[in-house]
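*Asks:* Pasting the sequence and the predicted model now:
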Amino acid sequence: MNYETYSNPRSNGGGVLGRYYRGHQITLEVTITGDTPTELQNRMDDMKRGIAGLEDYLYIRTPVDQRRIKGTVVSIDFGREHYHVTFVRAKITFRTVKPFMEAITGESLSRICLS
């Protein structure tokens, strides 16, 4: 978290203090497969279309809940250094300014103790 003070005071002599959260990056590594080179290319294009917006929610599903965070795609690397016709290992990096992921399911973790 960054605090920022401004050098120009208000007319009453008071200062302005601003607070904002520092952004961070989320990197995902995924494997995209296809039975043919054309199918692989179509799946890669579908993924690029799905994340082409300026800013959108990134959903994360865990075994107990589902969360989301708003982010922007910074880079996509399909790792095409070698010639693979049926799979690629892609690395996608998102930048977000939100400090935490928000829960979108109403589930909670609790433990029942029986005695």
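*Replies:* Structure's in. What do you need? Residues are numbered from 1 along each chain as shown.
*Asks:* Which positions within the host helix or strand of residue 58 qualify as buried?
*Replies:* Here residue 58, judged by DSSP states H and E, is contained in strand 56-61. For strand 56-61, burial by neighbour count (16 or more other Cβ atoms under 10 Å) applies to residue 58. Placement of C-beta: from N, CA and C, glycine included.
*Asks:* what does it contact?
*Replies:* Contacts to strand 56-61, defined as Cβ atoms under 8 Å, 6 or more residues apart in numbering, come from residues 26, 66-71, 94, 96, 101, 104.
*Asks:* Residue 35 touches residue 87, doesn't it?
*Replies:* No. Under the criterion of Cβ atoms under 8 Å, residue 35 is not in contact with residue 87, lying 10.4 Å apart.
*Asks:* out of the two, which sits in the busier spot?
*Replies:* Higher neighbour count among residue 35 and residue 87: residue 87, with 13 against 9, using other Cβ atoms under 10 Å.
*Asks:* pLDDT score assigned to that one?
*Replies:* At residue 87, the model reports a pLDDT of 87.
*Asks:* so it bridges to which residues?
*Replies:* residue 33 (DSSP bridges).
*Asks:* on that earlier part again, now which of the contacts of strand 56-61 would you call buried?
*Replies:* Using 16+ other Cβ under 10 Å, the buried members of the contacts of strand 56-61 are 67-69, 71, 94, 96, 101.
*Asks:* Which members of those residues occur in helices, if any?
*Replies:* Assignment to helices by DSSP state H places none of those there.
*Asks:* one step back: and of the contacts of strand 56-61, the nearest to residue 83?
*Replies:* Distance to residue 83, by Cβ to Cβ, is smallest for residue 94 among those, at 28.1 Å.
*Asks:* Could you pick out the longest strand of this structure?
*Replies:* The longest strand of the chain (DSSP state E) is strand 66-77.
*Asks:* Pull up the pairing partners for that strand, direction included.
*Replies:* strand 56-61 (antiparallel), strand 87-96 (antiparallel), strand 102-103 (antiparallel).
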